[in-house]
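K.L.:
Okay, here's the prediction I keep looking at, along with the sequence it came from:
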Amino acid sequence: GIQVEQSPPDLILQEGANSTLRCNFSDSVNNLQWFHQNPWGQLINLFYIPSGTKQNGRLSATTVATERYSLLYISSSQTTDSGVYFCAVVSGSRLTFGEGTQLTVNP
Amino acid sequence: ETGVTQSPTHLIKTRGQQVTLRCSSQSGHNTVSWYQQALGQGPQFIFQYYREEENGRGNFPPRFSGLQFPNYSSELNVNALELDDSALYLCAGSKGKTGELFFGEGSRLTVL
């Protein structure tokens, strides 16, 4: 099956810093989503982005499907950005998740 | 607000018991998928239902079964519970088989 790799696995930032999270996938996909999982386990949709670039406030994402990677940019990070960020790709009927990036933003 | 609600939010069972988890999704979400998330890992695909029929299954044994009802609500049933079934179970609704997925808050199952 398709493989999804996220990097880095852990990231610690000071409030106000910028960061880039990467997602590589091993095969063609129908679609790609980025999620933020809060401490209570809720997966919050950030982006639904099969290709191109999207922006939502301080967050933006770029997917280059031909090169099989996606990037999530977080600018001016805040403590509330802490949590686990997952990339997930749609192949067939299933969403395959990476192992996530654990982000900690310190005040 | 994702429009997907799950119940119960937490439950504790003992090994060998059976459990039923429930999910309801807003109208328009004609596809429901279930995922298992063990501690410290990404969610793993269990199965997907589309128009009340199973449409894809992950690497889970037959004791994991599901149903989708005409109103798009769904159930996940797990028989003969094992300790390793302890996990967060997530339900997701979508429009179509490959549409954007919206997740509920999950049901956290502990098997003792």
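P.N.:
Now that the structure is in, tell me what you want to look at. Fair warning: this is a prediction, and the values are worked out from it, not measured in the lab.

K.L.:
before we move on, which element is the residue minimising distance to the centre of chain B in?
P.N.:
Residue closest to the average C-alpha location in chain B (C-alpha atoms, centre = their mean): B:Trp34, at 3.3 Å. Assessed by DSSP states H and E, B:Trp34 sits inside strand B:31-37.

K.L.:
how close does the residue nearest to the centre of chain B get to chain A?
P.N.:
Applying C-beta to the nearest C-beta, to the nearest Å, the value for B:Trp34 to chain A is 11 Å. C-betas here are computed from N, CA, C, even on glycine.

K.L.:
and the gap between that residue and B:Leu81?
P.N.:
For B:Trp34, the distance to B:Leu81 (C-beta to C-beta, to the nearest Å) stands at 16 Å.

K.L.:
tell me which helix or strand of chain A sits lowest on mean pLDDT?
P.N.:
Using mean pLDDT, DSSP states H and E, strand A:94-97 stands out as the lowest-scoring helix or strand of chain A, at a mean of 90.

K.L.:
Pairing partners for the strand ranked longest in chain A, with directions?
P.N.:
Across chain A, the longest stretch assigned as strand under DSSP state E is strand A:83-91. The strands that strand A:83-91 pairs with in its sheet are strand A:31-37 (antiparallel), strand A:94-97 (antiparallel), strand A:101-106 (antiparallel) (by DSSP bridges).

K.L.:
Please name the nearest non-neighbouring residue to A:Arg94.
P.N.:
Using C-beta to C-beta, 6 or more residues apart in numbering or on different chains and skipping residues adjacent in sequence, the residue nearest A:Arg94 is B:Phe45, 4.2 Å away.

K.L.:
residues from chain B in reach of chain A?
P.N.:
Of all the residues in chain B, those in contact range of chain A (C-beta under 8 Å from any C-beta of the partner chain) are B:2, B:33, B:35, B:37, B:41-45, B:48, B:50, B:55-56, B:58, B:88, B:90, B:92, B:97-98, B:100-103, B:105-106, B:108.

K.L.:
6 Å instead, please
P.N.:
B:42-43, B:45, B:48, B:55-56, B:88, B:97-98, B:100-101, B:103, B:105-106 (C-beta under 6 Å from any C-beta of the partner chain).
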